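> sequence unknown, structure follows:
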């Protein structure tokens, strides 16, 4: 079953900001620790929900456009964003949300402009949907249910290994595999373990996916002659800008640093929300749109099994344009602490960060779009932290599990369900424990 | 791609050893006696008076070899107390300004929760943060005299000694009994190392850019680590040299660095008694398991994985043949020969502390292969590419042991009623506390998900505290060839943090600056 996502954004009613903040805070046990059963949106009761967050989009860097380009800063109203990643279709999720968290969402959204209490929630959320320009999910089609079942499977197998060391001593991987398989079979029969078959993916989804898979490269192919013709102009435009764009990279104040850090490192996974302005002019806007279109295609069709280029610690990430592509929000769920996340990015996909984010105001200077930029480690980290927003409410359906845990659990399950495996594959499989 | 885009070589100025405190270059190993005086500054003027005549040891080589050494470092509170202007202190990295114990988030990251919580510390937590540390080193029998000689009248007027942390010479081993300080990064004093800013370094190397350990020099990213840069009109800045990257500014950090201190109490009896129980009271098995925890042989410190046939940059560069040979035998290895962890467990202490990997795994040959790796498709094993590149996360260790030494056999005996505390005063030198010490401690030592593991943290340092959603965190896995891993369960906490702080170790010039301001 394919996963989907929503991002609802709406400007706040100024006079109700404080109320909204306290409502959002009431969904947490403490800052940074959500109450999954909170009465406003009891996340844990939505079995299809992987991740969710409420964040108030309060750009800390509105003045940058003036500092860097002398343009008058736009006084964007504060907005609320609700972001969710889940199994199944967006329509089905919105309906269920509207049905089962009606009161809470009514209270939350009534702090937003254009919401009248009693309004059709599902419809309102759909009307205020802000589709992602690019979306990455760690593993296509892996449901929350599957994640829980596979984790239970691993724990049961670990427990069995722990309590029966003698029965496995000196056995070959093939014998161990057979023993464990038999154990799972009996556990299954007794109802102590469940491994549900993945729900079928609607044919329509496969068809649309195929069209997208073929369509984008086809379109690129058609465009290639024009892109090649345009390339020298592009390079000229790019290099001129790269030479003149301004970096704005002071470290954040200790106060803001504390505010962000307060919310981090409770779980093995963290949330991350950044926002900022895109450099003025059509060139940057179009470059970014084009590149994100390509990123989205690769994330949808190529990076569907546990890694985005060299990064294997992201559960989900989205790039979303706001305000007629003048601003952007990037939101992700990643394993580890922010510093290791940033180091991972710089060292493993620095080029990838550069191609997209160098189109944002204040980014460290790049060369030829891919070079330098994020490799200016400290500046890059300051810029990121400066654009980061405190995520008021953040929910993850499987605390304690990293993206690698999910992958290992899936591989263990695949091994259990496979009938014929080579000796080499069996050796690798038993090493997964 | 490696080496394609070489950093434009700046003319490296050779390091003026007379301006650097000796600790960065020497461990003062021959000075077997040492103590750390933790100080609160009572009177800044008196402190300056003392500082003007303080016999601080530099990194210059002296003949005959000196018998005593003194090092001085300040916390950010201490710098404030010395009347360093707030605008100058703001030039220091946030980690240094916030300190080791002040922030809940940092405590979570460092594993300083539960028994390690700062509120239980003997020193370093709020209200007990030292302003400065004076480290004294001396040859056998000389420490007490050395200490008295520096406690002059102005010393007494200047400082309150909140603690004098004693040390013990355990003959090159740490309290559990393993040889300590075997692997150290080789500092590139000559600044001959050139890093490629945009390219990957394909091989692990032990020669590390000077800027990782000393402020004012280029680091592994080919950049200068942030530190306070002063306006030439600022008071006292005439004592300082110009910053290499911003010549119009005066560099307060140049030739200085940061020192991380942590008092780590080691439960030596608990360690050996647990191992004894876990290995069925079999002597050989007990040592084997201890070696698996550590990642090195008990007897000689040899790694558990085979040595590389080819040299590793920065290994075996000592001047004497004997030392060179010993370094090669102990450090000329990586874990490329042990991708399944059957020789040295993935979670072994030294494998966590220094994973010895390069920027990109799988040794890509040629542009196409490299490109495939960059795009994330070059991995052969499920664990490939899980660990961050080592060269950005090295620390130089200068710690000393304390307490009464116990042999493993003695440790198996029940503790006498007067059994004192023993452990390690962990002292690490690094230029970027967040990216070096904190990263290693957080992402590699404490993290229960390191290198694809789960439910275990460092076998020695781990706090075994609960992680939400994890059934437990106190196991240790030993991968087995052709079989399921062996798993040691219920590993107790062996090391408890008793104190700690971040210090700035100023250059001699920066110390003269401290003498000038406020006076």
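Good, I have the coordinates. Remember, it's a predicted structure, so these values are computed and weren't measured experimentally.
> what's the helix or strand for residue B:258?
strand B:257-266 (DSSP states H and E).
> Is there proximity between the helix or strand immediately after that strand in the chain and chain A?
Next in sequence after strand B:257-266, counting helices and strands by DSSP H and E, comes helix B:268-278. No: using Cβ under 8 Å from any Cβ of the partner chain, we find that helix B:268-278 stays clear of chain A, coming within 12.9 Å at best. Using the backbone N, CA and C atoms, a C-beta is placed for each residue, glycine as well.
> by contact count, what packs against helix B:268-278?
Using 3 or more Cβ pairs under 8 Å, 6 or more residues apart in numbering or on different chains; DSSP states H and E as the contact test, the elements touching helix B:268-278 are helix B:283-294, helix B:408-411.
> TSV for those helices, including mean neighbour count, distance to chain A and mean pLDDT?
Putting those into TSV (neighbours: other Cβ atoms under 10 Å in any protein chain shown; distance: least, Cβ to the nearest Cβ, whole Å; pLDDT from 0 to 100) gives the following:
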stretch	mean neighbour count	distance to chain A	mean pLDDT
helix B:283-294	19	15	98
helix B:408-411	15	26	96
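> For the stretch 51-200 of chain A, which segments are assigned as strands?
A:79-87, A:134-137 (DSSP state E, counting those that start in this stretch).
> ok, back up a step: just confirm yes or no for the strand holding residue B:258 near chain A.
No: judged by Cβ under 8 Å from any Cβ, strand B:257-266 stays clear of chain A, getting no closer than 14.6 Å.
> Tell me which strands that strand pairs with, and in which orientation.
Take DSSP bridges as the rule and strand B:257-266 pairs in its sheet with strand B:423-430 (antiparallel), strand B:495-505 (antiparallel).
> what separates that strand from the chain centre, distance-wise?
Relative to the centre of its chain, strand B:257-266 is centred 8 Å away, using Cα atoms, centre = their mean, to the nearest Å.
> residue in the stretch 251-400 of chain B nearest to chain A?
Closest to chain A within the stretch 251-400 of chain B is residue B:376: 4.3 Å, counting by Cβ to the nearest Cβ.
> Save the helices and strands packed on helix B:268-278 as CSV, and put in distance to residue A:189 too.
Listed next are the helices and strands packed on helix B:268-278 as CSV, based on distance: least, Cβ to Cβ, whole Å:
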stretch, distance to residue A:189
helix B:283-294, 38
helix B:408-411, 49
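> nearest to residue A:80, of those?
Residue A:80 lies closest to helix B:283-294 among these, at 49.9 Å (Cβ to Cβ).
> got the angle for that closest one vs helix B:268-278?
Orientation of helix B:283-294 against helix B:268-278 (axes from the mean of the first three to the mean of the last three Cα atoms, to 10 degrees) gives an angle of 120 degrees.
> packing partners for helix B:283-294?
When contacts are defined as 3+ Cβ pairs under 8 Å, 6+ apart, helix B:283-294 packs onto helix B:268-278, helix B:349-353, helix B:408-411, strand B:476-478.
> Can you give me the neighbour number for the closest residue to chain B within the stretch 251-400 of chain A?
Nearest to chain B in the stretch 251-400 of chain A, going by Cβ to the nearest Cβ, is residue A:400, at a distance of 2.1 Å. Neighbours of residue A:400 under the rule other Cβ atoms under 10 Å in any protein chain shown: 21.
> For it, list the residues it contacts.
Counting by Cβ atoms under 8 Å, 6 or more residues apart in numbering or on different chains, residue A:400 touches A:267-268, B:467-470.
> and the stretch 101-250 of chain B, which residues reach chain A?
Contacts of the stretch 101-250 of chain B with chain A, taken as Cβ under 8 Å from any Cβ, map to B:103-106, B:108-109, B:197-198, B:221-223, B:225-226.
> Buried by neighbour count, from the residues you listed: which ones?
Among these, those scoring as buried are B:103, B:105-106, B:108-109, B:197-198, B:221-223, B:225-226 (criterion: 16 or more other Cβ atoms under 10 Å in any protein chain shown).
> Turn those residues into TSV, including pLDDT and secondary structure.
As requested, those are arranged in TSV below (pLDDT from 0 to 100; DSSP: H, G, I helix; E, B strand; the rest coil):
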residue	pLDDT	secondary structure
B:103	92	coil
B:105	95	helix
B:106	97	helix
B:108	96	helix
B:109	97	helix
B:197	90	coil
B:198	91	coil
B:221	96	coil
B:222	96	coil
B:223	96	coil
B:225	97	coil
B:226	95	coil
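> and those as JSON lines, adding distance to residue A:103?
Below are those laid out as JSON lines (distance: Cβ to Cβ, whole Å):
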{"residue": "B:103", "distance to residue A:103": "37"}
{"residue": "B:105", "distance to residue A:103": "33"}
{"residue": "B:106", "distance to residue A:103": "39"}
{"residue": "B:108", "distance to residue A:103": "34"}
{"residue": "B:109", "distance to residue A:103": "38"}
{"residue": "B:197", "distance to residue A:103": "55"}
{"residue": "B:198", "distance to residue A:103": "54"}
{"residue": "B:221", "distance to residue A:103": "51"}
{"residue": "B:222", "distance to residue A:103": "56"}
{"residue": "B:223", "distance to residue A:103": "53"}
{"residue": "B:225", "distance to residue A:103": "52"}
{"residue": "B:226", "distance to residue A:103": "49"}
